[in-house]
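Student: mind folding the following:
(chains A and B)
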Amino acid sequence: MTLYCVSIGNKQYQVNIGKDHVTLDGEHFDIHLVPLNGNGLYLLRRGNLASEVYLQNTDGSNYEVLAGGQRVVARVEEASRKPRIPVEKVQTGEMSAPMPGLVVDVLIKEGEKVEAGQALIVLESMKMQMQMRAPIDGVVKGVYVKVGDQLEKGTLLVRI
Amino acid sequence: MKVLVANRGEIAIRIMRACQEMDIRTVAVYTDPDQIALHVRYADEAIPIGPIQGYLDIETIIKAARRSGADAIHPGYGFLSENAEFSHRVEAAGLTFIGPRAETITLMGDKLSARRTAREVGVPVLPGPDTPITEQLSPEMAKELDYPLLVKAAAGGGGRGIRLARNSSELQEMIDAARKEAQAAFGDGSVYLEPMVQRARHIEIQIIGDGHGHVICLGERECSIQRRRQKLIEEAPAPGLKESLRNQIYEVALKLGRALNYRSLGTVEFLLDKDNNFHFIEVNPRIQVEHPVTEMVTRLDLVKEQLRLAMEGGLDYRQDQVEILGAAIEARILAEDASMDFMPATGTITHLKEPNGPGIRVDSALYHGYPVEANYDSLLSKVITWGENRLVAINRMRRALREYQIGGVATDLEFLQKIIDSPPFLAGHIDTTYLDRFKPKPQENQSVAEKEIAVATALFAHENRNINPIQTDEETTSWRETAWREQMRSL
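Tutor: From the prediction side, this is the model:
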């Protein structure tokens, strides 16, 4: 669980982000962010609401948000900093899950030629989707996950 | 035919678009900070003109025209567009100046000689001498005047060099301030006094003439929504203007146009007071920022008309062929921060999505990566909407402003939405001081609520934290590599 304090104007919100749920000021808040262009544009889904949202870290804890014709500057501060998550090192063409999450899509098959930067796997974590892209050019030697798998951090995804 | 466009930004592209449609080759000029600007990319050829001030450098621009083999120069608005010396030098170099004759620019560029000319042909002009204030006003003299008074620069333009004096004790201070600004902006510190018309509307008439006595009127524009004397929203036709009064103003504008034997495009600006008396302010001898609203309701392309006049010398239209259809509105998208008292904002455009769909036009020079700097004015883009009536045009504008996504720099997009949603604006009850009294209300019924924004931002920040671990002394990680590639792809 990570607790964030979000300030917009003179209002403050407590957002608690857990492994698979989010609360706002103590109440369950079901929201999804689907990346649209890899450049900060997301589809925000909540119930029937579906709206484009642009998010950008401007400096330090400040974020710029464009949503529904508004431009908002929000400040996000971590209320209690978690210990640093150890990170994976790049070896040859091995890709592993950078965080715990759900496999939403597998975009390649074994034996396929891929280029560095090509999206291979789509993971969803903390209600946010992220595209896992090939670190190098090469041929896919193995795909070790399938759609619907719930992964631990560090699970091997693809070997190129 | 080849035209050099001595301007930058949206208007340079607007002019080149007209050229493109007429199969005229285009030459852009660009200063050091504008090397990859959109107008440079749009033109057939592009020639550097040095540092930031290059767009004001007559010598260099004429050299660029010669070097490129251009036949004509279009000055756009601002910069050298109202500089009589420039139009003289262009024609002396054997090139065509796309605009009025130099003598018209000279006569209209000095606001006092413009007033005198207007008065002579019977155009109603505000009372006051047609001469600049030469000496210090004695306190006795100052007390005899009626207040509030405007102190205006004789060489003024674009709302610069104007000060409001509310009483005799601040008059001298305002005269000094206006003088100083005018000297700095126009190289001429002469100022004059004009009574301040209370609750006036700004109504301007678009005229076009062939330089041989044939002048026609392309309707009016209402430009009363102004802040710090800068227009923010313009529309055509002027809401609630009686047909008889409208025709009267047209007639007066045409009278002046004919007296000047007007060539090319021009705008005759008036103040309309609350008793429906109208008073001449000035003539803008050039294409204007707000020309698209006239284009929308007349279905004419004003830049093409300018080009055609310059090439062939004749007007294709008669007055009875001009018909105003529906209503159009323009909103100026400026880089400014409403939370910082509308100070100009700077930044880099990191995200851009323009509005689209029926009845919407966007004239813009923005691109992903555009650096918004303080070098030039803060106009980023213009949104123009058309509708079969004013309300339809306003509803389209509301949609367009909501659709417009500009990331990376603060803009007035939300402020514009609040203006067009305000009941007095909707009712057409506006005057040039409307924005001084305007207290924007927080928008209600937002499609995305603030708490949704709060949670989305926290989620985004949470992910970002994982992407960029606090400690960075390790080798590149797969996750960071991915994030880096992500960024590279978006370049």
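
Student: what about B:I333, which helix or strand?
Tutor: Element membership for B:I333, per DSSP states H and E: strand B:327-334.

Student: that strand packs against which elements?
Tutor: Applying 3 or more CB pairs under 8 Å, 6 or more residues apart in numbering or on different chains; DSSP states H and E, one finds that strand B:327-334 contacts strand B:230-236, helix B:291-298, strand B:379-387, helix B:390-403, helix B:413-421. Bear in mind the C-beta positions are built from the backbone N, C-alpha and C, glycine included.

Student: that strand versus helix B:291-298: what angle between them?
Tutor: Here strand B:327-334 points in a direction 160 degrees away from that of helix B:291-298 (axes from the mean of the first three to the mean of the last three CA atoms, to 10 degrees).

Student: I'd like to know the average pLDDT value across strand B:327-334.
Tutor: Averaging pLDDT along strand B:327-334 gives 98.

Student: sorry, back to before: now render the helices and strands packed on strand B:327-334 as JSON lines, adding mean pLDDT, distance to chain A and mean neighbour count.
Tutor: JSON lines is the format used below for these (pLDDT from 0 to 100; distance: least, CB to the nearest CB, whole Å; neighbours: other CB atoms under 10 Å in any protein chain shown):
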{"stretch": "strand B:230-236", "mean pLDDT": "96", "distance to chain A": "16", "mean neighbour count": "24"}
{"stretch": "helix B:291-298", "mean pLDDT": "98", "distance to chain A": "22", "mean neighbour count": "25"}
{"stretch": "strand B:379-387", "mean pLDDT": "98", "distance to chain A": "12", "mean neighbour count": "23"}
{"stretch": "helix B:390-403", "mean pLDDT": "98", "distance to chain A": "3", "mean neighbour count": "19"}
{"stretch": "helix B:413-421", "mean pLDDT": "96", "distance to chain A": "6", "mean neighbour count": "20"}
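
Student: can you lay out the ones you listed as a markdown table showing distance to B:S364?
Tutor: As requested, those are arranged in a markdown table below (distance: least, CB to CB, whole Å):
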| stretch | distance to B:S364 |
| --- | --- |
| strand B:230-236 | 16 |
| helix B:291-298 | 12 |
| strand B:379-387 | 4 |
| helix B:390-403 | 12 |
| helix B:413-421 | 13 |
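
Student: about what we covered before: given the strand holding B:I333, what are its sheet partners and their directions?
Tutor: Next to strand B:327-334 in the sheet, as set by DSSP bridges, lie strand B:230-236 (antiparallel), strand B:379-387 (antiparallel).

Student: which residues touch B:P129?
Tutor: B:192-193 (CB atoms under 8 Å, 6 or more residues apart in numbering or on different chains).

Student: surely it is in a strand?
Tutor: No - membership of B:P129 in a strand is not supported by DSSP: H, G, I helix; E, B strand; the rest coil, which gives coil.

Student: tell me where the model's unsure across chain A.
Tutor: Under the criterion pLDDT under 70, the flagged ranges of chain A are A:80-92, A:99-100, A:125-129.

Student: remind me, longest strand of it?
Tutor: As assigned by DSSP state E, the longest strand anywhere in chain A is strand A:49-59.

Student: and that one, what other elements does it pack with?
Tutor: The elements that strand A:49-59 packs onto, with contact taken as 3+ CB pairs under 8 Å, 6+ apart, are strand A:41-46, strand A:62-67, strand B:351-353, strand B:405-407, helix B:450-467.
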